[in-house]
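Enquirer: Predicted structure and sequence below. I'll ask about it afterward.
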Amino acid sequence: MSFLPARRAVPALVSVAALIALALPGVASAKTEPNPDINAQCSGPAIQAEGSTFQGPAQFVLTGYEWETSELLSTGYNHSTTNPLACAGAEGQGTRETPTVRYNQTNPLERGSGSCLKSFGEGVKTFEEEKQEESGGVIYKDKYPRMSRFPFCGTDEAPSATHKAEMETFAESPSPIETIPFGQGALAIVVHLPAGCTASSEPTVKGTVRPSGRLSLTQSEIEEIYRGALTKWSQLVGNSANNKLTCTGGSGEEEEAIKPVVRRDKSGTTHIFKKFLEQVNETVKFSAETFGGKGEETRDWEEVAEGSENQRWPTAAHVTKPAQNGNQGVVKTVGTTPSTIGYADLAVAREFEGGYFSKKCVAPAKAPECGGENKKGEQNHEFWALVQNNPEKAEYADPSTDYDKYKKSNSNCTKTLYIARTGEKVPPASTLDDWSKVKGSNTSATYPICGLTYDLAPQLYFPYLKRYGLSQEESKAIATSAHDYLHWMVNAKAGGGGPTLKNTDYAKISGTVQKEAELGAEEIGNTIP
C-alpha cells in the first residue's frame with residue numbers, strides 16, 4: 001500500500017499492477033453459479049453497444065471491426081482461436097456462425113459517455129412519461145433507456161451510487177447495474193501552434209534530458225490554460241523543460257491567444273481531465289458566476305466533472321466547442337485550427353484523420369532538418385505535448401510508451417496509481433459498488449493523465465427488456481451475448497481481451513481490478529439472486 005506525499009491526504013492509493021496484493025472482500029461469497037436457464041455460450045444473437053469515444057478505438061479492435069470504416073478485421077472476439085471464451089467463426093471466418101458485437105460510433109446521439117449514462121436511465125423521466133411522448137409521435141431515442149438496442153455501453157465516468165439507483169428504477173424487479181472496468185487510457189494534450197511557429201524543449205525523461213521538437217508542459221500550465229489564467233503562448237516559454245518558440249512572424253505570433261478546445265458533449269474524457277485538474281489545483285473554487293451565471297455556491301474542478309456540470313468551463317478560458325461530438329471533434333478542431341490546444345484519448349489523437357499529431361515532417365516533406373524526435377523539424381507545429389509527471393519534480397512523460405510515432409503502441413499508464421478522496425475505498429469491493437470516485441493520480445512514474453474506462457450492463461435483462469415487449473427467452477438470448485463478450489473482453493489469458501489490447505494505444509487492467517471485472521462479467525445473466 002502506497003500513499004501520496006503529505007501535501008494531499010488520500011488514504012487509498014494503489015497501482016493497477018499492485019492491486020492483486022489487496023484483500024478482496026466478498027469474493028468468496030459471490031453468487032456466480034451457472035444458471036441452467038441461460039443459453040449455451042456463443043448461442044445468442046448479434047448485439048450492438050454505444051457510448052464512450054475514449055474507449056471506441058479499443059472496442060473496434062476487440063469486436064473485430066476497423067474503427068473508421070467498420071470493415072470486419074481478422075482479429076478480436078470472433079477470430080480468437082486460443083481463448084475458450086471467444087466466439088470464433090463469425091461471418092464465414094470459421095466453421096460455424098457465431099454472434100458478432102458492433103460498437104456503434106456513427107450516430108452522434110449514440111456517441112460519448114454521456115450517451116451511455118443517459119441510455120441506461122441517468123437523468124431521464126419515467127418510462128411511462130417517455131412512452132406517452134413516443135405515442136404522440138415524438139420519439140426521444142436519445143433520452144429513454146435503450147437496453148433493447150444496446151445491451152451494454154461504454155463510459156469513462158462511472159455512475160455514482162445515486163445514478164446507479166436511478167438507472168435501476170427502470171427494472172420491474174431487482175437487477176443491479178454492473179460497472180465493469182476493462183482498460184486504461186491516456187489523455188494526450190494536443191497542440192497546434194500559431195501558423196508561423198515551431199517549438200522545441202529539453203525535458204528530463206526518466207532521468208535523462210531528451211531534446212524534443214515539441215512543447216513540454218507543466219501540470220500547472222495546463223490547469224491555468226483551462227482556468228483562463230494563462231492565455232498567451234509566450235507564457236509557456238522558458239519553463240523547467242526550457243520551452244522555446246521559433247516564429248516567422250516574430251513576437252506578435254508568440255503573443256497570440258491560446259484557444260482551449262473542449263468536448264461539445266457530456267464526456268467521460270472531460271470527466272478524467274477535470275479530475276486531473278482538481279489534483280493540480282485543489283484550492284480553486286468556482287462560483288456560478290465563473291460560468292456566466294449567478295449564485296454563491298462554489299465547485300472545485302472535480303465537482304464540475306460530473307453530471308450537468310461536465311460541460312461547464314470558466315468563462316475566462318474562452319473555450320471553443322467543436323461542431324462534432326466526441327474526441328474526434330476535439331482532435332479535428334485542434335488539427336485544423338492554429339493557436340489551439342485540446343485533450344483527447346491517445347488512440348484518436350494518433351490515428352484520426354490520418355494523424356495530425358503523429359506524422360513527422362508533413363510540410364515540407366523533404367526538409368533537411370526532418371528526422372527523429374531529438375531533431376528540429378519533427379512535426380513541431382502540431383504535436384501532443386510531453387507532460388510533467390510529478391508536480392514536485394521537473395520530470396516529463398509522453399502519453400505513449402513509444403512517444404509520438406505514427407505506429408500504435410501502448411498508453412503509458414501501466415504504473416498509474418488510482419486514488420480517491422479520504423474515506424473512499426480503492427478499488428471498490430465489487431463491480432456492483434460505486435466506482436465514480438476512482439481517479440488516476442497526477443503523481444506518476446509514467447504519464448500523469450490516465451483513467452479507467454468501463455462498460456455498464458445489468459445483471460439480468462428481462463426486468464428491463466420486458467418493458468419493450470421482449471420475452472424472457474429473448475432477454476436470455478441477449479444476456480448470453482452480452483455475458484460472453486464482456487467475459488472474454490476482461491479475460492487476461494492468451495487470446496483474451498486483455499492481451500488483445502497490446503499495441504492499441506491502451507493498457508490492460510490487472511490484479512484485483514481485473515479479477516473484479518471477471519466476476520462482474522460472469523454475473524451477467526448467470527447470477528442467482
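Expert: Happy to help now that I have it. Please read these numbers as outputs of a predicted model, since none were measured by experiment.
Enquirer: Give me the residue ranges of the stretch 201-350 of the chain where confidence is low.
Expert: 293-296 (pLDDT under 70).
Enquirer: Strands along that one, start to end?
Expert: Taking DSSP state E, counting those that start in this stretch as the test, the strands found in the stretch 201-350 of the chain are 204-205, 208-209, 216-217, 244-247, 259-260, 286-287, 298-299, 340-345.
Enquirer: List the neighbours of the fourth one that are in contact with it.
Expert: Read that as strand 244-247. The contact list for strand 244-247, computed with Cβ atoms under 8 Å, 6 or more residues apart in numbering, reads 193-194, 196-201, 233-234, 236-238, 253-254. Using the backbone N, CA and C atoms, a C-beta is placed for each residue, glycine as well.
Enquirer: Helices along this structure, start to end?
Expert: Along the chain, the segments classed as helices by DSSP state H run 56-63, 113-119, 127-135, 161-168, 219-227, 251-254, 268-280, 326-336, 346-351, 462-465, 472-489, 497-500, 511-523.
Enquirer: any low-confidence regions in the stretch 51-200 of the chain?
Expert: The stretch 51-200 of the chain contains residues with pLDDT under 70 at 66-73, 89-97, 125-145.
Enquirer: on that earlier part again, for residue 62, find the nearest of the strands of the stretch 201-350 of the chain.
Expert: Among these, the nearest to residue 62 by Cβ to Cβ is strand 340-345 (15.1 Å).
Enquirer: Listing partners with orientation, what would you give for that closest one?
Expert: If you go by DSSP bridges, strand 340-345 pairs up with strand 177-192 (antiparallel), strand 259-260 (parallel).
Enquirer: Quickly list the domain ranges of this protein.
Expert: 13-183+452-523, 186-397 (automatic domain parsing).
Enquirer: how far is the longest one from where the chain is centred?
Expert: Think domain 13-183+452-523. Computed by Cα atoms, centre = their mean, to the nearest Å, the chain-centroid distance of domain 13-183+452-523 equals 15 Å.
Enquirer: try the last one
Expert: The chain centroid and the centroid of domain 186-397 are separated by 17 Å under Cα atoms, centre = their mean.
Enquirer: Please apply the same query to stretch 179-188.
Expert: On Cα atoms, centre = their mean, the centre of stretch 179-188 falls 5 Å from that of its chain.
Enquirer: export that stretch as PDB, just CAs?
Expert: Output in PDB follows, covering the C-alpha atoms of stretch 179-188 (Å, rounded to 0.1, in the frame of the first residue of the first chain):
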ATOM      1  CA  THR A 179     -19.800  -1.200 -13.700                       C
ATOM      2  CA  ILE A 180     -17.000  -3.300 -15.400                       C
ATOM      3  CA  PRO A 181     -13.600  -1.800 -15.900                       C
ATOM      4  CA  PHE A 182     -11.700  -3.300 -18.800                       C
ATOM      5  CA  GLY A 183      -8.800  -1.000 -19.700                       C
ATOM      6  CA  GLN A 184      -6.800   2.200 -19.100                       C
ATOM      7  CA  GLY A 185      -6.200   5.100 -21.400                       C
ATOM      8  CA  ALA A 186      -4.000   8.200 -21.600                       C
ATOM      9  CA  LEU A 187      -5.300  11.700 -22.400                       C
ATOM     10  CA  ALA A 188      -3.000  13.400 -24.900                       C
END
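Enquirer: Of all the residues in that stretch, which ones are buried?
Expert: 179, 180, 181, 182, 183, 184, 185, 186, 187, 188 (16 or more other Cβ atoms under 10 Å).
Enquirer: Could you find the closest non-adjacent residue to the fourth one?
Expert: Just to be clear, that refers to residue 182. residue 490 (5.0 Å; Cβ to Cβ, 6 or more residues apart in numbering).
Enquirer: I'd say the one you found and residue 510 touch.
Expert: No: the pair residue 490 / residue 510 is not scored as a contact, 10.7 Å apart, by Cβ atoms under 8 Å.
Enquirer: mind putting the strands paired with strand 340-345 in a markdown table, distance to residue 284 included?
Expert: As requested, these are exported to a markdown table (distance: least, Cβ to Cβ, whole Å):
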| stretch | distance to residue 284 |
| --- | --- |
| strand 177-192 | 19 |
| strand 259-260 | 16 |
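Enquirer: Setting aside sequence neighbours, what's the nearest residue to residue 387?
Expert: Excluding the flanking residues, the one nearest residue 387 by Cβ to Cβ, 6+ apart is residue 217, at 5.6 Å.
Enquirer: measure the one you found to residue 276 for me?
Expert: Distance of residue 217 to residue 276, given as Cβ to Cβ, to the nearest Å: 12 Å.
Enquirer: Which one's more surrounded, these two?
Expert: residue 276 (26 against 23; other Cβ atoms under 10 Å).
Enquirer: how deep is the residue lying closest to the more buried one once chain neighbours are set aside tucked in, by neighbour count?
Expert: If the residues on either side of it in the chain are set aside, residue 276 comes closest to residue 449, at 4.9 Å by Cβ to Cβ, 6+ apart. Counted with other Cβ under 10 Å, residues neighbouring residue 449 total 30.
Enquirer: can you check residue 477 too?
Expert: Residue 477 has 21 neighbours, counted by other Cβ under 10 Å.
Enquirer: Would you list the phi and psi of the residue lying closest to it once chain neighbours are set aside?
Expert: Nearest-residue entry for residue 477: residue 44, 4.7 Å, with adjacent residues in sequence omitted and distances by Cβ to Cβ, 6+ apart. Phi and psi for residue 44, reported as degrees, to the nearest 10, are phi -80, psi 180.
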